[in-house]
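# the amino acid sequence is not available; the structure is as follows:
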C-alpha cells in the first residue's frame, strides 16, 4: 500500500485535502480491505491534483467498466465520421446472442428492429448490456480501434482486446480486458476536464452515467441522500475455475456542493467473499473517500 503524489503546477501536497494527516485515509482504506479474500485496487484523484492509490501495481479485469472506454471511442468516431447519436442501426437476429446478459434482447427477442446509437449507449452504460456492447463494436468502432483511441488520450496501463462474446466463450479471456485503478481514474479525470469530445457527446455520456440507477450497492450507496452528484460505471464478472468472482468493480466521478470533485476507481479481483460482501467493500471505500473529500 502506498500514496502516490501528483505534482501540480503549484506543487500542492496531499495535505491540501482536508484529511489530516494524509495517512489517515490510506490507513482507513487499508483497514477496510484487510483480511479480505480478494485483491483490491483503489485510486482516487482529488480535484485533478492530489492522487491516492492502493495496490495499483496489478492488472485488474475491468468487466463492464470498459464500456465507459467504449462510449468515449464511439463518441469520437461519430464526431469524426459525421454521424449522430440519433442515427439508427438495424439489428439482425444474429446480433442478439441468447446466453448472455442482455435487457435489449429480452425486449426485442426476435431482432429485426432499428435502434438509435444513443439508446445503445444507454443500454451499455446504464444496464451493462452485453449484446448492445458488441453491436457497437460491430457497427461503429472495433475493439482494437477502441484500445488505440483510449491510448491516444494518455492512459497506457490498460488493455481492451476482446469483446463480450469472446469473454463469454472463454471465461479466462475476462482477464484480457484489464486496467490499473489509476489509469481508470485518470481516464475519468481526462473526460471531465479536457475537451476530448464534442460537447454534445460529452454531455450525453455524463448525463447517462449520472442518471444510472443500477449498481446502487457500490460507490453510490454512501452518497444516497447527500447533495453529491455521482456518475459511475460498474463491472461484474462470473466465478472462475476456483469459484472466485473474477471482477467486481465500480468507477465514477463525484461532484460535491462546493464545486470540488474527485474521480475514483475500485477494482476487486478474484474475490472469495460473497457478492454482497464484495460490494460492501466498495461502498465502504466510497464512504471513506467521500467523508475525506467533503471535509475540505
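Now that the structure is in, tell me what you want to look at. None of these values were measured; they are calculated from a predicted model.

# going forward, measure contacts between C-alpha atoms and count neighbours the same way
Will do.

# correct me, but residue 134 touches residue 164?
Yes: using Cα atoms under 8 Å, residue 134 makes contact with residue 164 at a distance of 6.4 Å.

# those two: which is more packed in?
Ranked by neighbour count (other Cα atoms under 10 Å), residue 134 and residue 164 place residue 134 first, with 23 against 20.

# three-state assignment of the more buried one?
Following DSSP: H, G, I helix; E, B strand; the rest coil, we place residue 134 in the helix state.

# measure it to residue 179 for me?
20 Å (Cα to Cα, to the nearest Å).

# now do residue 87
Taken as Cα to Cα, the span from residue 87 to residue 179 is 31 Å.

# these two - which one has more neighbours?
Of the pair residue 87 and residue 179, residue 179 is the one with more neighbours under other Cα under 10 Å, namely 25 against 12.

# which helices and strands does the longest helix along the chain pack with?
In the chain, ranked by residue count with DSSP state H as the criterion, the top helix is helix 275-294. Secondary-structure packing of helix 275-294 (3 or more Cα pairs under 8 Å, 6 or more residues apart in numbering; DSSP states H and E): helix 23-33, strand 245-255, strand 261-271.

# quick one: residues in contact with stretch 261-273.
For stretch 261-273, the external contacting residues (Cα atoms under 8 Å, 6 or more residues apart in numbering) are 36-48, 60-62, 181-182, 184-186, 188-189, 240, 243-255, 278, 282, 293.

# which of those count as buried?
37-48, 60-62, 181-182, 184-186, 188-189, 244-255, 278, 282, 293 (16 or more other Cα atoms under 10 Å).

# quick one, what contacts the nearest residue to residue 116 once chain neighbours are set aside?
Nearest residue to residue 116, sequence neighbours excluded (Cα to Cα, 6 or more residues apart in numbering): residue 88, at 4.0 Å. Going by Cα under 8 Å, 6+ apart, residue 88 touches 114, 115, 116, 117.

# could you rerun that using 6 Å?
By Cα atoms under 6 Å, 6 or more residues apart in numbering, the residues touching residue 88 are 114, 115, 116.

# for the first one, give the beta-bridge partners.
This points to residue 114. For residue 114, the beta-bridge partners under DSSP bridges are residue 90.

# pretty sure it sits against residue 89.
Yes: between residue 114 and residue 89 there is a contact at 5.4 Å, judged by Cα atoms under 6 Å.

# and what about residue 100, helix, strand or coil?
Quick answer, by three-state DSSP: residue 100 is coil.

# from here on, count from 8
Will do, 8 is the new start, and the previous item becomes residue 107.

# one step back: who wins for neighbours among the contacts of residue 95?
When neighbours are counted by other Cα under 10 Å, residue 123 leads the contacts of residue 95 with 15 neighbours.

# look up how far residue 74 lies from that one.
According to Cα to Cα, residue 123 stands 17 Å off from residue 74.

# same question, residue 281
Distance from residue 281 to residue 74, by Cα to Cα: 24 Å.

# which of these two has more neighbours?
Ranked by neighbour count (other Cα under 10 Å), residue 281 and residue 74 place residue 74 first, with 22 against 12.

# mind listing the helices for this protein?
Here the chain has its helices, by DSSP H, at 30-40, 73-88, 110-114, 124-134, 137-146, 150-159, 171-176, 188-200, 206-217, 282-301.

# the last one vs helix 30-40, what angle?
Put plainly, it is helix 282-301. Per axes from the mean of the first three to the mean of the last three Cα atoms, to 10 degrees, the angle that helix 282-301 makes with helix 30-40 is 170 degrees.
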